[in-house]
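# Return a 3D structure for these sequence lines:
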Amino acid sequence: MTIQSALDIYNLALSACNARGRLISLTDNKKERYDCDQWYDLTVRVVQEGGHWPCCKTTSVLEEVVERADNSVWAEGMPDTRYRYSYTLPFNCLRPRHLIDYSAFALSFDQVSGEVRLNTNLEKAVLVYSIYQDDVRTWTANQIQATAFGLAAMVAGPLTGRGELIQKNTNLANQFLTTAQSFAYDYSEEMVEHIPAPFVARGYAGPPSITQFIYPYGNLFGAAQA
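Sure, this is the predicted structure:
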């Protein structure tokens, strides 16, 4: 079976939770489709925030909003008190991964602008981050399975009322997420830091980072009650 669309994910999830029906299209007038519709977007977000999937990874130069001068008194609209620069997040940022030199940063809500900003001491920051990837054809096998089992855990209660199926599928989804997290962590520990030449030439390299700061993953799935 080739996984091509959300419909395939729906049917994998229905199979995993032993639901009686299967779907022919995403417009089927069935309870199975309505329940999958209700939980699909949240499930995809949990999976894509919970692992560093290749199809979600992208890089962008950040737009600086505010620079705090040395010894200046902090005021609303300025960067977080620990940092010098404040940047606007890319419009399509689902979850940050790391700055290009692995400098530390923090996200905070700015009440003046009404938006979440990225605060850091790195000038001309470049962010590696995850986008929301809705093209199922680009997903890895583990990403597909994490999403299908996660969706199965969400719909097992309303469709079957069987708590053991909720827990079983929650555990399976989380296994794929923790495996992805462990792989990314092991890879980051072994890799040699390298900033691409085009960014260095444009002045976006920044000073070498002593430690590697990688933004925390999103939460795992929690088991709902039947």
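# Quick check: Asn171 vs Ala16, distance?
Between Asn171 and Ala16 the computed distance is 12 Å (C-beta to C-beta, to the nearest Å). Glycine gets a C-beta too; all of them are placed from N, C-alpha and C.
# Check the most far-flung residue of the chain relative to its centre and give its pLDDT.
Distance from the centre of the chain peaks at Asn71, with 36.1 Å (C-alpha atoms, centre = their mean). With respect to pLDDT, Asn71 has a value of 76.
# in the chain, which residue is closest to the centre?
The chain has Glu49 as the residue nearest its centroid, 2.0 Å off, counting by C-alpha atoms, centre = their mean.
# Please tell me I have it right and Tyr40 contacts Asp8.
No: if you go by C-beta atoms under 8 Å, Tyr40 and Asp8 don't touch, sitting 12.0 Å apart.
# Neighbour count for the two, which is higher?
More crowded of Tyr40 and Asp8, by other C-beta atoms under 10 Å: Tyr40, with 21 against 17.
# In the helix or strand the residue nearest to the centre of the chain falls within, which of the residues would be classed as buried?
Here Glu49 sits within helix 31-50, counting by DSSP states H and E. In terms of neighbour count (16 or more other C-beta atoms under 10 Å), helix 31-50 has its buried residues at 32-33, 35-36, 39-40, 43-44, 46-50.
# same deal with stretch 68-79?
Arg68, Met78, Pro79.
# Quick check: nearest residue in space to the last one, chain neighbours excluded?
I take that to be Pro79. Spatial nearest neighbour of Pro79, excluding adjacent residues (C-beta to C-beta, 6 or more residues apart in numbering): Ser86 at 3.8 Å.
# I'd like to know how far that neighbour sits from Arg117.
From Ser86 across to Arg117, the span is 5 Å (C-beta to C-beta).
# Need the overlap of contacts for these two.
Here Ser86 and Arg117 share the contacting residues Val65, Pro79, Asp110, scored by C-beta atoms under 8 Å, 6 or more residues apart in numbering.
# Let me see the contact set for the closest residue to the last one other than its chain neighbours.
With C-beta to C-beta, 6+ apart as the criterion, Asp110 has its nearest non-adjacent residue at 5.1 Å, and that residue is Arg117. For Arg117, the set of contacting residues under the criterion of C-beta under 8 Å, 6+ apart consists of Val65, Pro79, Ser86, Tyr87, Thr88, Leu89, Leu107, Ser108, Phe109, Asp110.
# which among those gets closest to Arg22?
Closest to Arg22 out of the contacts of Arg117 is Leu89 (39.6 Å), distances taken as C-beta to C-beta.
# How many residues are close by that closest one?
For Leu89, the neighbour count with other C-beta under 10 Å is 17.
# and if you look at Glu115?
By other C-beta under 10 Å, the residues close to Glu115 number 11.
# Would you mind naming the residues that bridge with it?
Under DSSP bridges, the beta-bridge partners of Glu115 are Asp110.
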